[in-house]
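Peer 1: how would this look folded up:
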Amino acid sequence: MPALVRNVILIVSDTLRRDCVGAYGPPPWFDVPTFTPHLDRFAARCLVFDRAYSSSFPTVPLRNDLLTGRATFTYKPWAPLDRDEVTLQDRLNEAQILTSLVVDTPHPFAPGFNYQRGFQAWELIRGQEHDRWKSHPRDPALPCPPHQLRNPEGTVKQYLRNVHRRVREEEYFCARTMRAAAEWLEENRDGEPFFLYVDTFDPHEPWDPPRHYVDRYDPGYDGAEVIYPAYDRCDYLSEAELRHCRALYAGEVSLVDRWVGHLLDTVEALGLMDRTAIFFLSDHGFYLGDHGYMGKSLITARYQQTIPLYPEVCHIPWLVYLPGAAPRRVQALAQPLDLMPTILDLLGVPKPDGLHGTSLLPVLTGSAAEVREVAIASPTLSGATVTVPHPTARATITDGEWLLVFGSQVDRVTDEETTQAVDSVLRRVRTLEQGPIRPELYDLRADPGATQNRFAPDAPAARRLHAAFVATLERCGVLEAHLRFFREL
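Peer 2: Got it, this is the predicted structure:
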């Protein structure tokens, strides 16, 4: 264990695409890289993980992974923190380590979800998405035709009420969150050792960063502002509107960069860099026209289904600053469910039994090149509320070179299933995409965007990844009643 590490700061940025961070970019849409100077400078001091992947999908299951070290997709859906779950903050509290949470990501910390449980101090920045924070104006004007928006009368109008009086950049959610985290550090720097978890919803939709950020990417645009696009095939947008959506998103990324930079500058100014490990990562990305999609699932007013987690969504940025460690690129596979055991190891705290994640400490210290064979990103496949795993809920299994998209091998599910995934709105699950749902395989070395399905000609690679996937489900205790739908490739 590195002797100088007394503290850990974890920063999670929701829906941040890997290729929009300078250390990994540029994204495929712009002639210039996304503007992230603060993260670029930070990455130059970091271990930059090139093969980090999401785990349980999306927002709430991922936070369950992060705080419990368990593969949520194998046993529960988008749901509150279970009463008997042993969390990272529980273990740190027992070790007399100060734990604090500063967050504006709404869903895991909404009333009843309780992922803030156990933190000795926590601050929720109100107002993101459909948080019922403000009630005026009653009927705000929409920024584009309602058919282009997801839940225009609910989420979008509530959000517009929440930001109605916002004027200065310092009042934006990410800015408020990073400033609050910086203030916590200033007030508690003498309370070492500590664990500070900072979670910002940006660059998740709605996208409405200060105009100067957007104009870097799409100057002169004067059309509709599709700030919260409908999750669908993206043919409801003109080419100009799609480009502007990408500019809005990129502007959000630059806003996040600016204020994460403020927090990192504070760590530096307080003299904490020589004894504080810092993790920066995202939970997942977002399709902005990639593979023909806008969003990360298909959603109508009443129905929803997940879509494949291609690299634009499952391949995430992951930067680790470790005092005394030389900056380098890291090829080891890493996932958010590995964070709990890694942080406990860094701080010398015993790990609980029953973890599914694996400590990355041997990789961080250079004593091992790998700690896992494959990474698996997946929506919920099994749990008490699942009768038959839905065929649209597909896992992505990768060893960093090959990527297999694989789901329940059943063509049709007749039992009704509901989900609150993506935005906490209860909808029925239904197959909304056209055509048969079959396994897919991609060679990431030749095809990093996963556009050429190689399932038939490269069956041995598919069988190898599938075997590792089934072994993981077995190790995580998935019920045979569900596991049987995944055993055959």
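Peer 1: Buried residues in stretch 124-141, which are they?
Peer 2: 124-125, 127-131, 134, 140 (16 or more other Cβ atoms under 10 Å). (C-beta placed from N, C-alpha, C; glycine too.)
Peer 1: before we move on, what about stretch 176-190?
Peer 2: So for stretch 176-190, counting by 16+ other Cβ under 10 Å, buried means 176-182, 184-185.
Peer 1: Repeat that for stretch 204-215.
Peer 2: 204-210, 213-214.
Peer 1: picking that back up, pick out whichever of the buried residues of stretch 124-141 sits closest to T266.
Peer 2: Closest approach to T266 among the buried residues of stretch 124-141 (Cβ to Cβ): I125, at 16.8 Å.
Peer 1: How about A461, nearest residue that isn't a chain neighbour?
Peer 2: W402 (4.6 Å; Cβ to Cβ, 6 or more residues apart in numbering).
Peer 1: Quick check: phi and psi at the one you found.
Peer 2: phi -120, psi 150 (degrees, to the nearest 10).
Peer 1: show me the contacts for it.
Peer 2: Residues in contact with W402 (Cβ atoms under 8 Å, 6 or more residues apart in numbering) are 441-444, 458, 461-462, 464-465.
Peer 1: again, only using 10 Å
Peer 2: Neighbouring residues of W402 by Cβ atoms under 10 Å, 6 or more residues apart in numbering: 374, 441-445, 454, 458, 460-462, 464-465.
Peer 1: mind listing what's buried in stretch 443-463?
Peer 2: 443-444, 450, 454-455, 461-462.
Peer 1: next one: stretch 363-379
Peer 2: 363-364, 371-372, 374-379.
Peer 1: measure that stretch end to end?
Peer 2: End-to-end distance for stretch 363-379, by Cα to Cα, to the nearest Å: 27 Å.
Peer 1: Also stretch 100-111?
Peer 2: The first-to-last residue distance of stretch 100-111 comes to 18 Å (Cα to Cα).
Peer 1: Show me what the mean pLDDT comes to for it.
Peer 2: Mean pLDDT, computed over stretch 100-111, is 96.
Peer 1: ok, and for it, which residues are buried?
Peer 2: Buried residues in stretch 100-111 (16+ other Cβ under 10 Å): 100-110.
Peer 1: Could you list the low-pLDDT ranges of this structure?
Peer 2: 1-3, 412-416 (pLDDT under 70).
Peer 1: before we move on, back to that, in helices, which of the buried residues of stretch 204-215 fall?
Peer 2: 213-214 (DSSP state H).
Peer 1: Just the closest of the buried residues of stretch 204-215 to T385, please.
Peer 2: Nearest to T385 among those, with distances taken as Cβ to Cβ, is H204, at 25.3 Å.
Peer 1: can you map out the strands along the stretch 101-250 of the chain?
Peer 2: 121-124, 194-200, 232-233 (DSSP state E, counting those that start in this stretch).
Peer 1: Point out the most buried one among those strands.
Peer 2: Compared across these, strand 194-200 shows the largest average neighbour count, a mean of 26 (mean count of other Cβ atoms under 10 Å).
Peer 1: For the nearest residue to V349 once chain neighbours are set aside, list the residues it contacts.
Peer 2: The shortest distance from V349 to any non-neighbouring residue, by Cβ to Cβ, 6+ apart, is to A95 (4.5 Å). For A95, the contacting residues are 193, 195, 344, 347-350, by Cβ under 10 Å, 6+ apart.
Peer 1: Ok, H212 next?
Peer 2: Neighbours of H212 in contact, by Cβ under 10 Å, 6+ apart: 169, 251, 254.
Peer 1: Ok, G366 next?
Peer 2: Here G366 is in contact with 47, 325-326, 328, 330 (Cβ under 10 Å, 6+ apart).
Peer 1: The closest residue to E488 other than its chain neighbours: how many residues sit nearby?
Peer 2: The shortest distance from E488 to any non-neighbouring residue, by Cβ to Cβ, 6+ apart, is to Q409 (5.8 Å). By other Cβ atoms under 10 Å, the residues close to Q409 number 16.
Peer 1: ok, Q409 to T398 distance?
Peer 2: Going from Q409 to T398 by Cβ to Cβ, to the nearest Å gives 20 Å.
Peer 1: about what we covered before: ok, the residue nearest to E488 touching R438?
Peer 2: Yes - here Q409 reaches R438: they are 9.4 Å apart, a contact under Cβ atoms under 10 Å.
Peer 1: where do the strands sit along the stretch 351-489 of the chain?
Peer 2: Under DSSP E, counting those that start in this stretch, the stretch 351-489 of the chain gives strands at 375-377, 394-398, 402-407, 418-419, 427-429, 440-443.
Peer 1: Out of these, which one sits most buried?
Peer 2: Most buried among these, counting by mean count of other Cβ under 10 Å: strand 375-377, with a mean of 27.
Peer 1: Could you list the buried residues of stretch 331-339?
Peer 2: Quick answer for stretch 331-339 (16+ other Cβ under 10 Å): 332-339.
Peer 1: Return that stretch as CSV; C-alpha atoms alone will do.
Peer 2: The C-alpha trace of stretch 331-339 is given here as CSV (Å, rounded to 0.1, in the frame of the first residue of the first chain):
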residue,chain,number,x,y,z
GLN,A,331,-4.2,-1.4,-20.0
ALA,A,332,-5.8,-3.3,-17.1
LEU,A,333,-9.6,-3.8,-17.2
ALA,A,334,-11.4,-1.8,-14.5
GLN,A,335,-15.0,-1.3,-13.5
PRO,A,336,-16.9,0.9,-10.9
LEU,A,337,-17.7,-2.2,-8.7
ASP,A,338,-13.9,-2.4,-8.2
LEU,A,339,-13.8,0.9,-6.5
